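*Asks:* This is the structure alone, sequence omitted:
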DNA sequence: ATGGCGGTGGAGCACCGA
């Protein structure tokens, strides 16, 4: 089973990229972030015609997450628990029923947190606390669980081409990294580091200043696995070439293969 | 480098992203 995550930076701008990538990568499940549209204009029909079931949580202009699956989606949960006043569309979770077993998947768009001297940074950290609380409950289920998405966290200096540029940034602040570490410490495995412990690889390159050409990237898109999922991990791939297509997203797809 | 790009809403340019 192949599971992917991709921040598309507007689904309507990127629909051709998505369909092209789906046909070449053939993922079974895809977690999308930054849809930047409301549910009613999400191009569900086009995606369904490619053989995917769709669960969407969109909003006007900003954020927005979705799960695509070749297998039926059940128990769809929209929104991260813990703050009824938080209306930002950043979390959707579903159970995928595969003939060989059940997989619970979440598509996560964790807040950016910049600028750090505004309310945006505490919102990010509070959101991470809520994610940790929710993940605890999910891990108790002892299921095959994949928490995939744009975490907006650079976990270690290895995950940035120029870590010194990020020291005052919400993506690399000690508080953000510690919280990400605490999330993993619940028993979640960073699938990319499981397969490539020491390799400098990135999932995002800024549009500006020729960041892609200079490989000035960061790794912020992650697939975290429960023990039941990690034991089935066979491979990880960052589909970097998509960043060089015409009018790309600034993020590229990351995908894993699980033996089931 | 002084966000230098790109997307959104809405018809200017502010706001957001990372």
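*Replies:* Thanks, I have it. Predicted model, so just to flag it, every value in this text is computed and none were measured.

*Asks:* use CA for all of it now, contacts and neighbours both
*Replies:* Fine.

*Asks:* just for the stretch 51-200 of chain A, where's the confidence low?
*Replies:* For the stretch 51-200 of chain A, no stretch is flagged by pLDDT under 70.

*Asks:* neighbours around the residue in the stretch 101-250 of chain A that DNA strand B sits nearest to, how many?
*Replies:* Going by Cα to the nearest atom of the strand, DNA strand B is nearest to residue A:209 of the stretch 101-250 of chain A, at 3.1 Å. If you count neighbours by other Cα atoms under 10 Å, residue A:209 ends up with 9.

*Asks:* Can you get me a residue count around residue A:166?
*Replies:* Neighbour count of residue A:166, defined by other Cα under 10 Å: 15.

*Asks:* Could you check how far the residue of the stretch 101-250 of chain A closest to DNA strand B is from residue A:9?
*Replies:* Distance from residue A:209 to residue A:9, counting by Cα to Cα, to the nearest Å: 19 Å.

*Asks:* and if you look at residue A:145?
*Replies:* Separation of residue A:145 from residue A:9 (Cα to Cα): 25 Å.

*Asks:* Compare these two (neighbour count), which wins?
*Replies:* Taking other Cα under 10 Å, residue A:145 and residue A:9 do not tie; residue A:145 has more neighbours (25 against 20).

*Asks:* and that one, bridged to which residues?
*Replies:* On the basis of DSSP bridges, residue A:145 is bridged to residue A:104.

*Asks:* Would you confirm that it contacts residue A:103?
*Replies:* Yes: counting by Cα atoms under 8 Å, residue A:145 touches residue A:103, with 5.9 Å between them.

*Asks:* Show me what counts as buried in stretch A:58-66.
*Replies:* Neighbour counts over stretch A:58-66 (16 or more other Cα atoms under 10 Å) mark A:58-59, A:62-66 as buried.

*Asks:* now the strands for the stretch 1-150 of chain A?
*Replies:* A:2-7, A:29-33, A:53-57, A:65-69, A:73-78, A:91-98, A:101-109, A:144-150 (DSSP state E, counting those that start in this stretch).

*Asks:* Kindly state the beta-bridge partners for the residue nearest to the spatial centre of chain A.
*Replies:* The centroid of chain A falls nearest to residue A:149 when counting by Cα atoms, centre = their mean (0.9 Å). Counting by DSSP bridges, residue A:149 is bridged to residue A:108, residue A:222.

*Asks:* swap in residue A:98?
*Replies:* Beta-bridge partners of residue A:98, as defined by DSSP bridges: residue A:101.

*Asks:* Hmm, it is touching residue A:70, no?
*Replies:* No: taking contacts as Cα under 8 Å, residue A:98 lies outside contact range of residue A:70: 9.1 Å.

*Asks:* More neighbours: the two, which one.
*Replies:* residue A:70 (19 against 15).

*Asks:* Surely that one touches residue A:55?
*Replies:* No: checked against Cα under 8 Å, the pair residue A:70 and residue A:55 is beyond contact range at 11.8 Å.

*Asks:* Could you tell me which residues of the stretch 1-150 of chain A lie near DNA strand B?
*Replies:* Within the stretch 1-150 of chain A, the residues that sit near DNA strand B (Cα under 7 Å from any atom of the strand) are A:7, A:9-13, A:36-37, A:60-62, A:111-115, A:150.

*Asks:* Buried members of those residues into PyMOL, please.
*Replies:* Here is the PyMOL command that selects the buried residues among those (16+ other Cα under 10 Å):
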select buried, chain A and resi 7+9+10+11+36+37+62+111+112+113+114+150
